[in-house]
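*Asks:* What follows is a predicted structure for the sequence shown.
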Amino acid sequence: MKYELTPLNRNVPDEELLSDLKKVAKKLGKESLPRAEYDKHGRFSEGTLRKRFGGWLTALERAGLKKTRIYWTNEQLIDELKRLAALLGKTYVTVDDFRKNSKISNDVTIGRRFGSWTKAIKKAGLDVSPMGHRYTEEDYFNNLLDVWTYYGRQPACGEMSKLPSKIGHHSYAHRFGTWRKALEAFVARMNKDEADLNKDAKEESPAINQSKNVENTDKMLSKEYGLSEDKRGIGLSLRYKILNRDKFKCVKCGASPATDHNCRLHIDHIVPFSKGGKTVLENLQTLCEECNLGKGDRHIE
């Protein structure tokens, strides 16, 4: 599977954006449309429309839809922060926590209302997040691979604020410069890994037997990507290789996140690691969560 980016939406005419907004509203039978609902059903992201027309309410007006704005008082916003902290069992609430769990869709309201997110958190009597989680590049790419697999396509930036994503698109933009640059870095990395693997496979001597080829390929993967067949952990490149080989489907039941969004794919050791199984291509397979949990620590032929 070769990863490809969709064309940039900056070249899409205004009429096409507005037409899609009206189409979604008509489909849902609504005279107005919240940003979250458009993100779920629309062809483009709500962020694209906001940036193009200078705001979501302006986009609604241009599309001939009703402008609706829910006003939240300062007390309601503070109460919502406290509610989320209690719900999550934490002494602090991050922006990502808020996006994924709050009934208030516009987190920007809080920052603007209180001067900053940190000031709002302190106003609610909560702790400030300890500098947030410092994700590595591998964390970002692993998360993006999860989301790309989940949707079976390139995810929109707004979808990164929803499960199964654990990292919001703002974090990607901060790390890579923009959301688009983050996607470009991911695609370049994934396609480079696949190209390198294909190149190495072609350069193998035809005189080497198939079992030797498998052994050499596994050793090459371990050396190239810092993996070890004697460690349980499966790195990004090897994980991608297994998913790609198994066509992003469970090899037991055929379940795929692309057709069933409740499906979660795991990379499983065929011979369990606890029973001496190695972390190599021939001993790894793609299983859905249900099949993987059903298998447990057993070796099933």
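*Replies:* Sure thing, it's come through.
*Asks:* mind listing what the residue minimising distance to the centre of the chain touches?
*Replies:* When CA atoms, centre = their mean is applied to the chain, the residue found nearest the centroid is V147 (3.2 Å). Contact analysis of V147 by CB atoms under 8 Å, 6 or more residues apart in numbering lists 155, 159-160, 164-165. The C-beta positions use only the backbone N, C-alpha and C, and glycine is treated the same way.
*Asks:* filter those to the buried ones?
*Replies:* Buried by 16 or more other CB atoms under 10 Å: 155, 159-160, 165, out of those.
*Asks:* export these to TSV and tack on distance to D127 and secondary structure?
*Replies:* Output for the buried ones among the contacts of V147, formatted as TSV (distance: CB to CB, whole Å; DSSP: H, G, I helix; E, B strand; the rest coil):
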residue	distance to D127	secondary structure
P155	31	coil
E159	29	helix
M160	25	helix
S165	24	coil
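*Asks:* and the closest residue to F44 other than its chain neighbours, how far is that from D139?
*Replies:* Leaving aside its sequence neighbours, F44 sits nearest to N9 (CB to CB, 6 or more residues apart in numbering; 5.6 Å). Noted for N9: a distance of 27 Å to D139, by CB to CB, to the nearest Å.
*Asks:* repeat for E46
*Replies:* Per CB to CB, E46 is found 26 Å from D139.
*Asks:* between those two, who's got more neighbours?
*Replies:* Per other CB atoms under 10 Å, whichever of E46 and D139 has more neighbours is E46, with 23 against 16.
*Asks:* now do the same end-to-end measure for stretch 113-126.
*Replies:* Taking CA to CA, to the nearest Å, stretch 113-126 runs 17 Å from one end to the other.
*Asks:* Pull out the buried positions in that stretch.
*Replies:* Those would be 113-114, 117, 120-121, 123-124, 126, for stretch 113-126 by 16+ other CB under 10 Å.
*Asks:* ok, now stretch 63-81?
*Replies:* With burial defined by 16+ other CB under 10 Å, the residues of stretch 63-81 counted as buried are 63, 65, 72, 77-78, 80-81.
*Asks:* Not counting its own residues, what contacts that stretch?
*Replies:* 18, 21-22, 25, 31-34, 57, 60-61, 93, 98, 102-104, 109-110, 113-114, 120-121, 123-124, 126.
*Asks:* so what's the nearest residue to C291 once chain neighbours are set aside up against?
*Replies:* Nearest non-adjacent residue to C291, counting by CB to CB, 6+ apart: K252, 4.4 Å away. For K252, the contacting residues are 287-288, 291, by CB under 8 Å, 6+ apart.
*Asks:* Distance check, K252 against K123.
*Replies:* As judged by CB to CB, K252 and K123 stand 51 Å apart.
*Asks:* Kindly report the same for A188.
*Replies:* Using CB to CB, one gets 43 Å for the distance from A188 to K123.
*Asks:* how about I270, what does it touch?
*Replies:* When contacts are counted by CB under 8 Å, 6+ apart, I270 touches 277, 283-285, 299.
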